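Asks: Okay, structure incoming, though there's no sequence with it:
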């Protein structure tokens, strides 16, 4: 399972990908973000579920470890942008 530290960076930068346009409240932040947490976490969209998204969309294109590495790398990049 992908380890998330609940910083909220991914949910504050939705404008970086058109895939999340329906969730963007207009400033790049998710309409469901409350503080740094998802207000609909148990019902969040598939695109917001790292492990399930891998199984559905990426398992045929890359290994699980590579997918995790890329997600962690992007997480780190988003955190660095906020500093």
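Replies: Yep, that arrived. Not measured: the values here are computed from a predicted model.

Asks: How many residues are close by residue 10?
Replies: Neighbourhood size, residue 10 [other Cβ atoms under 10 Å]: 20. Every residue, glycine included, has its C-beta placed from N, CA and C.

Asks: Over to residue 8?
Replies: Other residues within reach of residue 8, judged by other Cβ under 10 Å, total 19.

Asks: can I assume residue 44 is in contact with residue 32?
Replies: Yes: counting by Cβ atoms under 8 Å, residue 44 touches residue 32, with 7.2 Å between them.

Asks: so what's in contact with the two at the same time?
Replies: Common contact partners of residue 44 and residue 32 (Cβ atoms under 8 Å, 6 or more residues apart in numbering): residue 38.

Asks: All the strands of the protein, residue numbers only.
Replies: For the chain, the strands defined by DSSP state E cover 33-34, 37-38.

Asks: Quick check, pLDDT for the residue located most distally from the centre of the chain.
Replies: Distance from the C-alpha centroid of the chain, by Cα atoms, centre = their mean, peaks at residue 60 (20.1 Å). pLDDT, residue 60: 96.

Asks: The protein: helices as residue ranges?
Replies: For the chain, the helices defined by DSSP state H occupy 50-53, 64-82.

Asks: In the last one, which residues are buried?
Replies: With burial defined by 16 or more other Cβ atoms under 10 Å, the residues of helix 64-82 counted as buried are 67, 68, 71, 75, 78.

Asks: Show me what it packs onto, helices and strands only.
Replies: Here helix 64-82 touches no other helix or strand, going by 3 or more Cβ pairs under 8 Å, 6 or more residues apart in numbering; DSSP states H and E.

Asks: what separates that helix from the chain centre, distance-wise?
Replies: 10 Å (Cα atoms, centre = their mean, to the nearest Å).
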